[in-house]
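Colleague: This is the structure alone, sequence omitted:
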């Protein structure tokens, strides 16, 4: 399984839900067509959210902007 989820939710809703479910967030980014790409810290956390937020998952192909971190990785 993957740690990545594509959700039809706002970032603030996702952050609140991750706090409720005790799931760590690695990174989030807004999608150009709407929705959010979420990368969880663990696969078990992603699986938990996947089962809880099944109705909010975006199905099919998703287009993304090029993602560049705000700060250097080193």
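Modeller: Okay, I see it. A quick note: this is a predicted structure, and the numbers were derived from the prediction, not measured.

Colleague: What is the least confident helix or strand in this protein?
Modeller: For the chain, the helix or strand with the lowest mean confidence is strand 25-30, at a mean of 92 (criterion: mean pLDDT, DSSP states H and E).

Colleague: between the helix or strand just after it and strand 25-30, how big is the angle?
Modeller: The first helix or strand that comes after strand 25-30 along the chain, using DSSP states H and E, is strand 36-40. For strand 36-40 against strand 25-30, the angle by axes from the mean of the first three to the mean of the last three C-alpha atoms, to 10 degrees is 170 degrees.

Colleague: got a list of contacts for strand 36-40?
Modeller: 3-7, 9-11, 14, 18, 23-31, 46, 49, 62, 64 (C-beta atoms under 8 Å, 6 or more residues apart in numbering). Using the backbone N, CA and C atoms, a C-beta is placed for each residue, glycine as well.

Colleague: Buried ones among these?
Modeller: Buried subset of these (neighbour count, 16 or more other C-beta atoms under 10 Å): 3, 5, 6, 7, 9, 14, 18, 23, 28, 31, 46, 49.

Colleague: on contacts alone, who are the packing partners of the least confident helix or strand of the chain?
Modeller: Strand 25-30 sits against helix 11-21, strand 36-40, with contacts defined as 3 or more C-beta pairs under 8 Å, 6 or more residues apart in numbering; DSSP states H and E.

Colleague: From the opening residue of stretch 63-71 to its closing one, how far?
Modeller: End-to-end distance for stretch 63-71, by C-alpha to C-alpha, to the nearest Å: 23 Å.

Colleague: Sorry, slip of the keys, the one I care about is stretch 52-64.
Modeller: End-to-end distance of stretch 52-64 (C-alpha to C-alpha): 24 Å.
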